[in-house]
Structure formats: C-alpha cells, structure tokens
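J.: Sequence first, predicted coordinates after that:
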Amino acid sequence: MISFVVPAYNEEKYLGPTLEAIHAAAREAGEPYEIVVADDASTDATAGIARAHGARVVAVSHRQIAATRNAGARAATGDRLIFVDADTRVNGPVVAQALAALAGGAVGGGAPVEIDRAPRWAVLFMKAFVPLYFRLARWAAGCFVFCTRAAFEAADGFDERYYASEEIHFSRALKRQGRFVIVERFVATSPRKLEGRSALAMLWLMARTLAAGPAALRRRGEHTAFWYPDRR
C-alpha cells in the first residue's frame, strides 16, 4: 500500500489540484494507495475539499509542519510513505521513479522542484539551487519526500523540535538508515512564498535566517514567518 500524506493548513486554494494530481499519478502506478490529509486546525474549506477528493482527513492542531506530517504518517496504513505538500503537484513519472527507488532497496529520497509562474530572478536562482541542494547535498525538499515505513520509524519521523529545515534533518536521518535517492523527475510547487517579495528581500531574509542559526528555527517567530505566515 502507498500512503500519500498531505499536511494542510487553510489550503482551499491549492488542495484540490494537488489531490487530483496524486490520484492521477497513483492510478498510473497501478498499486493500491490512500491519501491522508493531516488538517492542522484549518478554518477554511480544507477538510471538505479533502473529503470530496477521496482523502481521509486526520484532524490535528499543531501549527507545526513536522508534527503535522508525523501525525499523518502515523494515521496512514501503507508500508511506503510519500509526503506531498498541499500546494505541490506530483506526476506519474516522479511517483514511478520514487517507487522504483524503494523497490530497488533505497530507504527514501526526494525530487527536485520547479516553481509555477516564478519571476525571472527566481528562475535564475533555481538553476543554481537545484544542483546544489538536490544533487550535491542530496536533501529532499519538504514538498516531496518519500520513504519506507520502516525507515520512517527508524528515523523517528520528522524532527518536531524544528519549525523549518525539518526536511533537511529528516533527509540526514534517512541517510543513516540506508540509501537515499534524489530522482530525476521534478515536482511543481506554487510560488506563494515568493509573492510580494523581491530578489533583494529574499536574499536579506536568507541572510538573516543563516545568521540567526538553527536555534531560531526551533520556535515560531520572525525567523520562521516565511514558513508560518499569519494569513494565507
């Protein structure tokens, strides 16, 4: 069984297309699957949209992405887990490559990311970011991570001490369990984190976050507002 785990907080804008893409990709894979939406205290139509698209909804109230992903995984029944963010669209080939990697003995992995309708500066940034982050460092992006159930449990899931960078810590934990693979095909995610931000503003934000160090990512505040905005 393949379990697609989708963490969601007020995702009515993006969730429908995300779930439709998961269904299409899973049907191509031709294996039994389920979709579990971990609804993290949404106040909009997220839960209703999830149910209307055939997902099982798990209600949580964490407002912390690592804990929400973990809750969804614990409620899932599959022996293979694929974590997909609510604003990210997978496709048949990327899911097929992920499943092939697991069948070939990998414990987990990820996929490179492309941003929908990205401004030119972001396109240029991603041309450098993709090979450095995904190919050289071999870290998974939080919007698409896959692993076996056994590896997830051995790694103790996503590190709930962190409000951001949890995918990096999870990637490292999975690598300690065995072979970790970044597949060739891309997933597509929304540009919402870039909306209203210039290239200079993004560089300043990154510099401040790096200067603050890992400890700043262990609490909600100014250094995690990029990931936890007050409004959707």
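T.: Thanks, I have it.
J.: Next up, phi/psi of residue 108, please.
T.: phi 180, psi -170 (degrees, to the nearest 10).
J.: ok, the closest residue to residue 179 other than its chain neighbours to residue 147 distance?
T.: Using Cβ to Cβ, 6 or more residues apart in numbering and skipping residues adjacent in sequence, the residue nearest residue 179 is residue 106, 4.6 Å away. C-beta: built from backbone N, CA, C; applies to glycine. Look at residue 106 and residue 147: by Cβ to Cβ, to the nearest Å, they are 9 Å apart.
J.: Quick check on those two: which one has the bigger neighbour count.
T.: Remark: of residue 106 and residue 147, residue 147 carries more neighbours, 31 against 21, as counted by other Cβ atoms under 10 Å.
J.: And that one, its phi and psi?
T.: The phi/psi pair for residue 147 (degrees, to the nearest 10) is phi -170, psi 170.
J.: Contact partners for it?
T.: The contact partners of residue 147, by Cβ atoms under 8 Å, 6 or more residues apart in numbering, come to 80, 81, 102, 107, 108, 109, 155, 174.
J.: Now flag whichever of those is closest to residue 58.
T.: residue 81 (13.7 Å; Cβ to Cβ).
J.: Point to the residue nearest the middle of the protein.
T.: Nearest to the mean C-alpha position of the chain, by Cα atoms, centre = their mean, lies residue 143 at 2.2 Å.
J.: got the contact list for the residue nearest to residue 179?
T.: Shown in contact with residue 106 (Cβ under 8 Å, 6+ apart): 178, 179, 180, 181.
J.: so the residue of the chain most remote from its centre is in which element?
T.: Residue farthest from the centre of the chain, counting by Cα atoms, centre = their mean, is residue 200 at 25.6 Å. Element membership of residue 200, judged by DSSP states H and E, is helix 199-212.
J.: Could you give the average pLDDT over that helix?
T.: Across helix 199-212, pLDDT averages out at 63.
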